[in-house]
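1. could you look at this predicted model? Sequence included:
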Amino acid sequence: MYNQTLYKIHTEHLSSKLVKNNNRYKKFEYGYNKDLDCVVISKDGTIGEIYEIQGLKIALPLIPKEINGKELKKEDQVFIQTPKPATLKKIKSIYNFKSYNEDIKEKYYEYINKEFDFRSDGYWFMCNGEPCYLTGSHYIYLNWTKIDVGSPDFRHANRLFFYFWEACKADYRCYGMCYLKNRRSGFSFMASSEVVNVATVTRDARFGILSKTGGDAKKMFTDKVVPISTNYPFFFKPIQDGMERPKTELSYKVPSRRLTRKTIQATTSTTEESDQMGLDTTIDWKNTGDNSYDGEKLQILVHDESGKWEKPDNILNNWRVTKTCLRLGSKIVGKCMMGSTSNALDKGGSNFKKIYNDSDLTKKKRNRNGQTASGLYALFIPMEWNFEGFINKFGFPVFDTPETPAEGIDRELIYNGVIDHWENEADGLKDNADALNEYYRQFPRTEKHAFRDETKESIFNLSRIYEQIDFNEEMVASGYVTRGSFQWKNGVKNTKVQFYPNPEGKFRISWILPTDMQNNIEIKNGIKYPGNKAYGAFGCDSYDISGTTDGGGSNGSLHGLTSFSLSPDVPKSQFFLEYIARPQTAEMFFEDVLMAIIFYGMPILAENNKPRLLYHLKRRGYRGFSMNRPDKARNKLSVTEKELGGIPNTSEDIKQAHASAIESYIENNVGITDEEHGRMYFQRTLEDWSKFNINNRTKFDASISSGLAIMACQRHLYAPRAERQTRKIDFGFSKYNNSGLKSKIL
């Protein structure tokens, strides 16, 4: 049974006296409400349910008493377009309408006023027995927008999309949305609809369109924006200048006219002054480039296919430029609708991923101005919510295979669930890693799917790595991993170490030693040695410099791995600890490492070309925990290696051995092994393995330390073996040649 995690609904606030009182007097204002920490998208002064979508809380209006479709049977309660009076279709302009007699016009005033109310305030209807609210933008999209197949279908995925977009518009802290989508989800048409919707009610504004190429931006403008505007009813359509179907700019302005005595007299005598006041608003598109729209002031910027900008164009650079087009000083005056599937990382996907991650409210904290790092809010709607052919007549996805066929929104029967369909497609591509990753990027069920990279440069088995990543996510691997911190007991160093769960902790743990095995230290000749060395070991990629001039630098990384043992208390060949962080000082990192290896009582194999960590261990009396390099006999070690332990990890032989260790571990312990999944639960390490480049290892801290942990646990494989020398032994026996009649001595 599929459990949706896309949104949550909060209702506890409705019992508050303050909320009830404000609802009674309609005091809630459109925009961010600090008291409830939510964005109010209601325009009638009330709030009802609060939807939480990807970390953003959105307050809807209170459910009204009168709802469209309430009189219908539950099975008939679907979205139905508002009936349009047939005679209105014949009216092409406001001037044409004004030529009618007043008694005829009077019949249409109520209908037109209601359409303006729905456009502004939103629309309520009954959907399968439940009240359903549409924002004004969503209503215009469903009721008045022409797309390639005629009129759009109502889908709950799009309902959530428009809730989120309306909140982005309402929140004064937000520059807009960064939408990570699946293919054919309708974003281009929804964005085009919104541009026309807002442009036709806004004065003195400019609306812009960018895409992965100038040709794509032009196609969106000519094939989507212009037809939507052309097909608007006369009462929504402002005065337009120029061609009816322009190629470069849609201008809602008063057409210029040659001034003569005759035209001036005609204007003043037959036309009201207000009729000649255009909006002075334009919609246009630009060629793709880092500086597109530089210096412009925009009301809405549509960034279509933003995850597909290939070199030399860079979406990151362009967003830094266009972001300034949406503000005046500190005030945000425009919004961006950014949406795309993602290309492979080296084909524009990595830059889009950076913007998306910097926009994610569930992962990134706001700055002191209340904004995300990018200024945008990230939204991801999994493919199962919006996949063609699996939407029932009420607009809900058919997640699981139904017991009886469900009626689809296109009136065709749905026999299978979308999850089963997706898994069947993925299973058929498992033998072709690149095709599978492309399928994942086009129809992602998770963010990890959306940013899958090509496999051609990977030296490891990506299929197994991705199998494990998917398993960890789908099986709610967070329950298998605990975040926390190690601390000295009572704050006294060199005593016992304790582990404390902490959501902000730097350590991720998937297995804790039994209590009687914790802090197991043996002392020999005054030197402390690990008491649990038979059960596992650590690998560490350290650093020596606390900070760099630009505040960057690689992370320190530590991994713990169990070795193969017969103990029932110790899992076999399982990574149980992951630490990837860069504390403020190197000494803090060294102390974290020390506490971890003491708590588990296991040795550590660390790089000795960055020796400060090893000096720290020796100085504190724990030289016995630092393993010597396993590929050399003790009498062959250098003076420094005898003093500190560790392994250089810079020679070509060590690099190859290190990569081979990870490769072997992945083949035997990651992904589907013997019809069950491996127990490697650390997603950051799996992702690091998927990108590992043996010729440029600097960025791959997790791969370095995890590989050293594997080598430490398999140290017997690298132990040097003395060459076997054979020596002839003379036993004093003579040899004879027995051919012929007589033997002859040799």
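-> The structure has been received and is ready for your questions.

2. going by C-alpha atoms from here, please, whenever you check contacts or count neighbours.
-> Noted.

3. mean confidence for stretch 249-269?
-> Averaging pLDDT along stretch 249-269 yields 59.

4. next: stretch 148-157.
-> On average, stretch 148-157 scores 90.

5. distance between the ends of it?
-> Start-to-end span of stretch 148-157 (CA to CA, to the nearest Å) is 19 Å.

6. could you list the residues in contact with that stretch?
-> The contact list for stretch 148-157, computed with CA atoms under 8 Å, 6 or more residues apart in numbering, reads 79, 141-146, 381, 385-386, 391, 394-396, 409.

7. could you rerun that using 7 Å?
-> F79, L142, T145, W385, N386, G395, F396 (CA atoms under 7 Å, 6 or more residues apart in numbering).

8. keep only those of the residues you listed that are in helices.
-> With DSSP state H as the criterion, helices contain L142 from among the contacts of stretch 148-157.

9. TSV for the contacts of stretch 148-157, including pLDDT and distance to S292?
-> Below are the contacts of stretch 148-157 laid out as TSV (pLDDT from 0 to 100; distance: CA to CA, whole Å):
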residue	pLDDT	distance to S292
F79	95	40
L142	96	31
T145	94	28
W385	95	34
N386	92	32
G395	94	38
F396	95	39
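
10. SS state for G505?
-> coil (DSSP: H, G, I helix; E, B strand; the rest coil).

11. tell me the contacts of it?
-> By CA under 7 Å, 6+ apart, the contact set of G505 is R483, G484, S485.

12. so which of those residues is the closest to I672?
-> Distances from I672 to the contacts of G505, taken as CA to CA, are shortest for R483 (25.6 Å).

13. how about the strands of the stretch 1-150 of the chain, start to end?
-> Under the criterion DSSP state E, counting those that start in this stretch, strands of the stretch 1-150 of the chain are mapped to 7-10, 31-33, 38-40, 50-53, 56-59, 123-127, 130-134.

14. return the list of helices and strands in contact with the second one.
-> Going back to what we said before, that points to strand 31-33. For strand 31-33, the elements it packs on are strand 38-40, judged by 3 or more CA pairs under 7 Å, 6 or more residues apart in numbering; DSSP states H and E.

15. same thing with the first one?
-> Identification of packing neighbours for strand 7-10 by 3+ CA pairs under 7 Å, 6+ apart yields strand 50-53.

16. give me the mean pLDDT for the strand it packs on.
-> Strand 50-53 comes out at a mean pLDDT of 97.

17. what lines up beside it in the sheet?
-> When pairing is defined by DSSP bridges, strand 50-53 lines up against strand 7-10 (antiparallel), strand 56-59 (antiparallel).

18. nearest the geometric middle of the protein, what residue?
-> E447 (4.2 Å; CA atoms, centre = their mean).

19. least trustworthy helix or strand in this protein by mean pLDDT?
-> The helix or strand of the chain with the lowest confidence, counting by mean pLDDT, DSSP states H and E, is helix 261-270 at a mean of 46.

20. and whatever helix or strand E643 lives in, C-alpha only, in PDB?
-> Per DSSP states H and E: E643 is located in helix 639-644. C-alpha atoms of helix 639-644 as PDB (Å, rounded to 0.1, in the frame of the first residue of the first chain):
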ATOM      1  CA  VAL A 639      61.000   6.100  10.900                       C
ATOM      2  CA  THR A 640      57.900   8.300  10.700                       C
ATOM      3  CA  GLU A 641      55.700   5.300   9.900                       C
ATOM      4  CA  LYS A 642      57.000   3.400  12.900                       C
ATOM      5  CA  GLU A 643      56.300   6.400  15.000                       C
ATOM      6  CA  LEU A 644      52.800   7.300  13.900                       C
END
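
21. that one: which residues count as buried?
-> Using 16 or more other CA atoms under 10 Å as the test for burial, helix 639-644 gives E641, L644.

22. remind me, longest helix of this structure?
-> The chain, longest helix under DSSP H: helix 102-121.

23. hmm, back to that, looking at the contacts of G505, which are in strands?
-> With DSSP state E as the criterion, strands contain R483, G484, S485 from among the contacts of G505.

24. wait, the second one sits on S510?
-> No. The pair G484 / S510 is not scored as a contact, 11.0 Å apart, by CA atoms under 7 Å.

25. higher neighbour count, those two?
-> S510 (21 against 17; other CA atoms under 10 Å).

26. contacting residues around that one?
-> Contact partners of S510, counting by CA under 7 Å, 6+ apart, are Y480, V481, T482, F576, L577.

27. need those in JSON lines with pLDDT, can you?
-> As requested, the contacts of S510 are arranged in JSON lines below (pLDDT from 0 to 100):
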{"residue": "Y480", "pLDDT": "83"}
{"residue": "V481", "pLDDT": "91"}
{"residue": "T482", "pLDDT": "92"}
{"residue": "F576", "pLDDT": "96"}
{"residue": "L577", "pLDDT": "96"}
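
28. just the buried ones from those, in ChimeraX syntax?
-> Command for ChimeraX that selects the buried part of the contacts of S510, burial taken from 16+ other CA under 10 Å:
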select :481,482,576,577
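
29. give the burial count for the nearest residue to D592 once chain neighbours are set aside, as a bare number.
-> Among residues not flanking D592 along the chain, F486 sits closest, at 7.0 Å (CA to CA, 6 or more residues apart in numbering). The number of residues packed near F486 is 21, by other CA under 10 Å.

30. state the pLDDT value of F486.
-> 96.

31. in the sheet, who's paired with it?
-> So, taking DSSP bridges as the rule, F486 has F499 as bridge partners.

32. just confirm it contacts N502, I think it does.
-> No. Contact between F486 and N502 fails when scored by CA under 7 Å: they sit 9.9 Å apart.

33. coming back round to it: any chance of the contacts of stretch 148-157 in a markdown table, with distance to G295 too?
-> Below are the contacts of stretch 148-157 laid out as a markdown table (distance: CA to CA, whole Å):
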| residue | distance to G295 |
| --- | --- |
| F79 | 43 |
| L142 | 34 |
| T145 | 31 |
| W385 | 39 |
| N386 | 37 |
| G395 | 42 |
| F396 | 43 |
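
34. pick the one among the contacts of stretch 148-157 closest to T5.
-> W385 (11.2 Å).

35. ok, now how distant is that closest one from G417?
-> 11 Å.

36. could you do E667 as well?
-> For E667, the distance to G417 - CA to CA - is 32 Å.

37. between those two, who's got more neighbours?
-> Each of E667 and G417 has its neighbours counted (other CA under 10 Å); G417 has more, 21 against 15.

38. now stretch 708-723: mean pLDDT?
-> In the prediction, stretch 708-723 has an average pLDDT of 83.

39. and stretch 452-462, by the same measure?
-> 74.

40. which helix or strand contains the spatially closest residue to P583 that is not a sequence neighbour?
-> Excluding its sequence neighbours, the residue lying closest to P583 (CA to CA, 6+ apart) is F589, at 6.0 Å. Following DSSP H and E, one finds F589 within helix 586-600.

41. what sits up against that helix?
-> 486, 497-498, 513, 518-519, 544-546, 583, 603, 613, 616.

42. also stretch 192-204?
-> 137, 141, 145, 207, 224-225, 228-229, 237-238, 279-281, 300.

43. all strands of the stretch 601-746 of the chain, in order?
-> 604-606, 672-673, 676-677, 736-737, 744-745.

44. any chance of those in TSV with mean neighbour count, mean pLDDT and distance to Q656 as columns?
-> Output for these, formatted as TSV (neighbours: other CA atoms under 10 Å; pLDDT from 0 to 100; distance: least, CA to CA, whole Å):
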stretch	mean neighbour count	mean pLDDT	distance to Q656
strand 604-606	30	95	17
strand 672-673	16	78	25
strand 676-677	12	82	27
strand 736-737	10	76	53
strand 744-745	10	74	55
